[in-house]
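In: pasting the sequence and the predicted model now:
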Amino acid sequence: MSVDRRGARAGIAVLAAGCAVALLAPLLVNDRPIMARNRTGRIIFPALRADRGVAPRSGDEPLLWPPIRRSWRDVDLAATLQPPSARHLFGTDLLGRDLMARMLHGARISLAVGLGATLLALGLGIILGGAAGLRGAGTDLLLSRAIETLSCFPPFILVMALQAVGGGGLGAMVLAIAIGRTAAAARFARSETIRWRGTGVWIAARAAGASRPGAALRHLLPLVSGPLAVQAAFGVTHAILLESSLSFLGLGVPAPVPSWGAILAEGRGSLDVAWWPTVFPCLGLALTLAALSWAGERLSSAD
């Protein structure tokens, strides 16, 4: 068990490191200074404002530059498909954009969609499944049929349909993937609620005057936190795969915002002459998904 827990911690540590790098991407790789002084003497942070479309001013005095001064958005047709080198560590793509900068900034999209969709799906699933397990037979039957109906649709097809209706965008993608993953979380929450509802913990809490929702939140939810962590680990894995697949098909975040699936789709057209636009995004996806799966398997074994 100790080995499994150490493996789970290692997988979570790798994922946390990836999330930290993705979150700090504007401060690590950017063609704009992290800190600068404008004409009035005020300290500004151009690297953090770049993603909001705020253009730098020529009168700004740079004070601190990122470690790697590359842009994920600037097109350089004179440097298309350059191989990995000291100037471009991961090479460049078909439009001459730095691949490493695009991958680091794209990691934020992929991880944000994966984590956001999983947390939303778990929240919706716990509410629906918990209500089905706590209420009477009529409510349980109604919610169970709704959950089963939702689970009849293949998640990928359901997400594609919701994306088409929602019109794309990051928020629509997170919501679509979360709805597609809610059925699995709801079934798990219902089964765990029914299993723990007849135990001494539940009976004692109800005898002490706790309401059904209060007893579930204070006593049942902590008991299933371990299995929920396992569900979350595998849920993030599936959500990142869905996001990458949608972006690969052109149904993800609108261009030119990078994501790993979109970078893979762009690199597909140059696979016969350049390997790096495809290999490096694949490696990023493989390492992230392997860390998540490893953490989920170790947490499951440890429980």
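Out: Cool, the structure landed.
In: switch to C-alpha atoms for all contacts and neighbour counts from now on
Out: OK.
In: do you know how far the spatially closest residue to residue 29 that is not a sequence neighbour is from residue 34?
Out: Nearest residue to residue 29, sequence neighbours excluded (Cα to Cα, 6 or more residues apart in numbering): residue 68, at 4.8 Å. From residue 68 over to residue 34 the distance is 11 Å, taken as Cα to Cα, to the nearest Å.
In: the two - which one has more neighbours?
Out: residue 34 (22 against 16; other Cα atoms under 10 Å).
In: contact partners for the more buried one?
Out: Residues near residue 34 by Cα atoms under 8 Å, 6 or more residues apart in numbering: 27, 45, 46, 47, 48, 63, 64, 65, 66.
In: roughly how far does it sit from residue 103?
Out: From residue 34 to residue 103 the distance is 19 Å (Cα to Cα).
In: ok, now residue 230?
Out: 27 Å.
In: residue closest to the middle of this structure?
Out: By Cα atoms, centre = their mean, the chain has its centre lying nearest to residue 114, at 2.1 Å.
In: hang on, it packs against residue 234?
Out: No: assessed by Cα atoms under 8 Å, residue 114 is found out of contact with residue 234, at 10.2 Å.
In: chain neighbours aside, what residue packs nearest to residue 281?
Out: Once flanking residues are discounted, residue 281 sits nearest to residue 260: 5.8 Å by Cα to Cα, 6+ apart.
In: neighbours around the residue nearest to residue 60 when sequence neighbours are not counted, how many?
Out: Leaving aside its sequence neighbours, residue 60 sits nearest to residue 38 (Cα to Cα, 6+ apart; 4.4 Å). Counted with other Cα under 10 Å, the neighbours of residue 38 add up to 17.
In: backbone dihedrals for the residue nearest to residue 29, please?
Out: phi -120, psi 120 (degrees, to the nearest 10).
In: need the contact list for it.
Out: 28, 29, 30, 31.
In: looking at those, which are in helices?
Out: Of those, the ones assigned to helices by DSSP state H are residue 28.
In: so residue 116 makes contact with residue 174?
Out: Yes: using Cα under 8 Å, residue 116 makes contact with residue 174 at a distance of 6.4 Å.
In: which of these two has more neighbours?
Out: Legend: neighbour count by other Cα under 10 Å for residue 116 and residue 174, higher for residue 174 (26 against 20).
In: how far away is the closest residue in space to that one that isn't next to it in sequence from residue 239?
Out: Counting by Cα to Cα, 6+ apart, residue 117 is the residue found nearest to residue 174 once chain neighbours are left out, at 4.9 Å. For residue 117, the distance to residue 239 (Cα to Cα) stands at 7 Å.
In: shared neighbours of these two, anything?
Out: In contact with both residue 117 and residue 239: residue 177, using Cα under 8 Å, 6+ apart.
In: what about the helices in the stretch 151-300 of the chain?
Out: 155-166, 170-197, 200-207, 212-215, 221-223, 225-248, 260-268, 276-302 (DSSP state H, counting those that start in this stretch).
In: mind listing what's buried in the shortest one?
Out: Of the residues in helix 221-223, those buried by neighbour count under the rule 16 or more other Cα atoms under 10 Å are residue 221.
In: also the longest one?
Out: Of the residues in helix 170-197, those buried by neighbour count under the rule 16+ other Cα under 10 Å are 170, 172-190, 192-193, 196-197.
In: brilliant, that's me finished.
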